[in-house]
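1. need a structure here:
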Amino acid sequence: MQHSLLGGIRTKLIVSFLIVALIPLPLLTFINKQTTEKALTDNAQQALSAAANETTNRIDAFIDGNLNAVRVEAILPGLARYLSLTPKQRDDSPEMQLATETLIRLSRKDMVNIFSYALLDLNGKNVLDTYTPDISKDESIQDYFKKPLQTGLSFVSSMKRSPIIPDLVTLFFSSPVRNAKGDILGVLRVSYNATVVQQLVTRETELAGKKNFAILLDENNIYLAHSTAPQLLFKSIVPLHFNVVIKFQKEDRLLSYPVKELATNESKLRQALDNKQLYLIASLSGTGNQVNLIAIARLKSKPWAVLFAQPLAIALAPVEKQIRDAMFLFALIAGVVTIIAFFIGQLLTMPIIYLTNIVFKFSAGNLDIRAKISSKDEIGQLAKSFNNMALQLQTSFETLEQRVQQRTTELLIAKEKVEDANQKLEQLVNLDGLTQVANRRCFDGQLQAEWKRLAPEQQPLSLILFDVDKFKLYNDYYGHLEGDHCLIRIAQTVQQIVRYPADLVARYGGEEFSVLLPNTELVGAIKVAQRIQQAIHDQAIPHALSDVKDIVTVSLGITSLIPTCDIKPDILIVSADKALYNAKQKGRDRYCTY
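-> As a prediction, the model looks like this:
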C-alpha cells in the first residue's frame, strides 16, 4: 500500500511539474514565432519595396531624360529647314548636309546605346537616317510616328524585339519637328538599345539582398526584364486574347511562339497588379514555383510595373533556427524538471504529521531546527532525510551569495561577448565584401544622417563620385580576378587619403566609388579629388587597352551644397553624377564640378 501511494504521489508530482513548466513554452514559442515572422516579413517587404522604388526612379529618370533630350533636339533649326524643303530640293542641298551632320553628331553622344537618329516626313517616310539602310523605309504605322503627330509631344515606345538580330531589344524615342511658326514638319526618331533599361532592373538586385530577383512588366503584363529567368522575356503573366497576341507578335512585342507557350499563368500576380497592391506573397513559375515575397512599384513615365521578390524561406530563415533552439530548450527543461520532480517526490512520499510542524518552522526561517527521531523505521529514515536536507539547504544558503556573484560575473562576460559580436556583425553588414570599404547601404545611411545633422547647422556637405575609366576593357583583357584586385587597390588607396573620421569612402556600385565629405566646401573637395587622382596615378596600374593612358585612371565628379530640410539628399548624388558624366565626356582622367 505504501509503495503504491509512493508511486502515485511521485507520478503526480512529475506530471504536475512538467505541465506547469512546459505548457507555457510552446505557447510562448508560437507567439514569438508569429511575431518574428511578421517582423521579418515586414522588414523584407520594406527592403524589397525600397529596391523596387529605387529601380522605378532610375527607369523614370532614364525615360524622362531621353524624352527631354529628343524634344530639345527636335527643335534644332537645321532639321526643320531640311524637312521644309520639297523632296527634289533636299537632295545634295546644304540643308541636307547640315541635317546629316546634326544627326551624326547627336548619335555620337552615346555610341554604345544609340543605334540611329532618323528624320521622318509627314507621310512617315524615313528621309534621313544615320543608319543608311533604313532611308526611304515607310514607318508610318509605327506608334513612335503617329503619337507625336497626334499629341504634339515627345514619345517613348514600348520595348520591341529586333526582327533581324536575336536577343536585341529596342526602344524608340520621338518628337515632332516644328518650323518657326510651330507647324509640324515631321518627326525626329531615336532608336535606343533597350538593354540599358533591363540592366537598370537587374542592377539593384545585387544590392537588395540574398537571392533577390527583379521583374519589369509593361502595361499588358508582358515581361520586359527578369534578372533570373531571361527566358520569360516577351511572354505574359496570363494568357492574352488571340487577336492581341497576333497584333503584338506583328509588332515584335511578343515571342513568335504558339499561344499556349506565351504565358506563365500567374493569376494571383495579375490580380494584385489590377488591384494596385504594393505587396503580395505568391509562387512564380519562373523561379521553380517557390513562394516569394513580392513588392510592386509603378513607373510614372510609363504604365509599367517593377517587381522585386525574395524567396519566403530566405526571409524567414531565422525563424527555423529559433524553432530548433526552442525544441532543444524544451527537451532540456523537460529533463531537468523530471529529475527535480522525482527527487522531491522521493523526499515527500510519506505525509508525516510530526514532520509537518518541523517543516513549517524550517520554512519560516529556523534553519537550525532538526527532527529528533531516533527510530529505525520509515519515520526515522524520513526524519534523518529531512535533517540531511536541512543541513544541505543551510550550507547552500551560506554559499548562495558567492554563487550569485560568480554567475553575475559570467553573465557580464557573456553580455560583453554578445555586444562585441553584434558590433562585428554591424561592421560586416556595412562593409563591401571585396574592397573592405563601406558599401552602398552604409553610404545611403551616412548620407541621410549627415544631411539631417548639417541642415540645422547650415554647414556644407560635399560628395565625390568617381569610377575607373574603361574598366570593362580592363576586365576583358586582364580577367575578372585582376579586375577585382584593381578595385581593391583603388579602394584602399583612396581610404588612406581620406583620413578624417567623419569622411566616408564607399563602393557605390561596380567600379564606381563615392567619397562623402561633411563640413567640407567645394574647394576642399577639389583638393581631395586631386589627391585621389594623383595617388591612383602613382599606383601605375597597367591598362593596355585604355585610350586615355597606359595606366588605370579615374574620372571624378565633385559637388557641394548646404543641406536644407526641404531638399532631399538625392540632389547631391544627382549633381555629382552629372559632374562625373561631364568628366567622362571631356576625355576622362579628370575631375569636373557641378
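2. would you mark the buried spots in stretch 270-289?
-> Using 16 or more other CB atoms under 10 Å as the test for burial, stretch 270-289 gives 272-273, 279-280, 282, 284, 286-287. No exception for glycine: its C-beta is placed from N, CA and C like everyone else's.
3. scratch that, stretch 231-251
-> 232-237, 240, 245, 248-249.
4. one step back: just the buried residues of stretch 270-289: which are in helices?
-> Secondary structure from DSSP state H places 272-273 of the buried residues of stretch 270-289 in helices.
5. between all of the buried residues of stretch 270-289, which two are separated the most?
-> For the buried residues of stretch 270-289, the farthest-apart pair by CB to CB is 279 and 286; their separation is 18.9 Å.
6. OK, contacts around the residue lying closest to residue 299 once chain neighbours are set aside?
-> If you skip the residues right next to it in sequence, residue 299 has residue 56 as its closest partner in space, 5.0 Å away by CB to CB, 6 or more residues apart in numbering. With contacts defined as CB atoms under 8 Å, 6 or more residues apart in numbering, residue 56 is in contact with 297-300, 306.
7. show me what residue 307 is bridged to.
-> Judged by DSSP bridges, the bridge partners of residue 307 are residue 215, residue 296.
8. surely it meets residue 217?
-> Yes - contact status for residue 307 versus residue 217: in contact at 6.9 Å, counting by CB atoms under 8 Å.
9. any common contacting residues for these two?
-> By CB under 8 Å, 6+ apart, no residue touches both residue 307 and residue 217.
10. my guess is residue 117 meets residue 100, correct?
-> No - judged on CB under 8 Å, residue 117 makes no contact with residue 100 at a distance of 9.9 Å.
11. and the helix or strand hosting residue 389, what other elements does it pack with?
-> Assigned by DSSP states H and E, residue 389 belongs to helix 378-429. The elements that helix 378-429 packs onto, with contact taken as 3 or more CB pairs under 8 Å, 6 or more residues apart in numbering; DSSP states H and E, are helix 317-347, helix 353-363.
12. show the pLDDT at residue 169.
-> Residue 169 carries a pLDDT value of 89.
13. what's the burial count for it?
-> Per other CB atoms under 10 Å, the neighbour tally for residue 169 reads 21.
14. quick one: secondary structure of residue 192?
-> Following DSSP: H, G, I helix; E, B strand; the rest coil, residue 192 is assigned to strand.
15. what's the neighbour count on it?
-> Using other CB under 10 Å: residue 192 sits among 23 other residues.
16. ok, it to residue 221 distance?
-> As judged by CB to CB, to the nearest Å, residue 192 and residue 221 stand 23 Å apart.
17. what about the nearest residue to residue 554 once chain neighbours are set aside, which helix or strand?
-> Using CB to CB, 6+ apart and skipping the chain neighbours, the partner closest in space to residue 554 is residue 466 (4.7 Å). Using DSSP H and E, residue 466 maps to strand 461-468.
18. determine the set of other helices and strands touching that strand.
-> Judged by 3+ CB pairs under 8 Å, 6+ apart, strand 461-468 is in contact with helix 440-457, helix 480-497, strand 512-518, helix 522-539, strand 554-561, helix 570-585.
19. turn these into TSV, columns for distance to residue 336, mean pLDDT and mean neighbour count.
-> TSV is the format used below for the helices and strands packed on strand 461-468 (distance: least, CB to CB, whole Å; pLDDT from 0 to 100; neighbours: other CB atoms under 10 Å):
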stretch	distance to residue 336	mean pLDDT	mean neighbour count
helix 440-457	43	94	17
helix 480-497	52	95	16
strand 512-518	54	96	24
helix 522-539	62	96	16
strand 554-561	63	97	25
helix 570-585	57	96	18
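20. which of the ones you listed sits closest to residue 338?
-> Closest approach to residue 338 among the helices and strands packed on strand 461-468 (CB to CB): helix 440-457, 48.3 Å.
21. I'd like to check the angle between the closest one and strand 512-518, please.
-> Counting by axes from the mean of the first three to the mean of the last three CA atoms, to 10 degrees, helix 440-457 lies at 30 degrees to strand 512-518.
22. report how many residues lie close to residue 411.
-> 10.
23. from residue 328, how far out is it?
-> Counting by CB to CB, the gap from residue 411 to residue 328 is 20 Å.
24. repeat for residue 142
-> 67 Å.
25. higher neighbour count, these two?
-> Neighbours were counted for residue 142 and for residue 328 using other CB under 10 Å; residue 142 has more, 18 against 10.
26. quick one, phi psi at that one?
-> In terms of degrees, to the nearest 10, the main-chain angles of residue 142 are phi -80, psi 140.
27. one more: residue 141?
-> phi -90, psi -10.
28. what do you get for residue 161?
-> The phi/psi pair for residue 161 (degrees, to the nearest 10) reads phi -80, psi 140.
29. and the pLDDT at the nearest residue to it once chain neighbours are set aside?
-> What sits nearest to residue 161 in space, not counting adjacent residues and going by CB to CB, 6+ apart, is residue 252, at 4.5 Å. For residue 252, the model assigns a pLDDT of 85.
30. could you pull up phi and psi at residue 252?
-> For residue 252, the backbone dihedrals (degrees, to the nearest 10) come out as phi 60, psi 30.
31. so which helix or strand takes in residue 75?
-> Using DSSP H and E, residue 75 sits in no helix or strand.
32. can you pull up the bridge partners for residue 172?
-> With DSSP bridges applied, residue 172 shows beta-bridge pairing to residue 191.
33. thought it was touching residue 190?
-> Yes - Residue 172 is within contact range of residue 190, at 6.8 Å (criterion: CB under 8 Å).
34. who's more crowded, the two?
-> Per other CB under 10 Å, whichever of residue 172 and residue 190 has more neighbours is residue 190, with 26 against 23.
35. OK, contacts around that one?
-> With CB under 8 Å, 6+ apart, residue 190 has these contacts: 66, 70, 106, 114, 116-118, 172-174.
36. if we can go back for a sec, turn the helices and strands packed on strand 461-468 into a markdown table, columns for distance to residue 265.
-> As requested, those are arranged in a markdown table below (distance: least, CB to CB, whole Å):
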| stretch | distance to residue 265 |
| --- | --- |
| helix 440-457 | 36 |
| helix 480-497 | 38 |
| strand 512-518 | 40 |
| helix 522-539 | 53 |
| strand 554-561 | 46 |
| helix 570-585 | 39 |
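37. thought residue 475 was touching residue 483, still the case?
-> Yes - judged on CB under 8 Å, residue 483 makes contact with residue 475 at a distance of 4.1 Å.
38. neighbours of the nearest residue to residue 431 once chain neighbours are set aside, how many?
-> With CB to CB, 6+ apart as the criterion, residue 431 has its nearest non-adjacent residue at 6.2 Å, and that residue is residue 439. Using other CB under 10 Å, residue 439 has 20 other residues around it.
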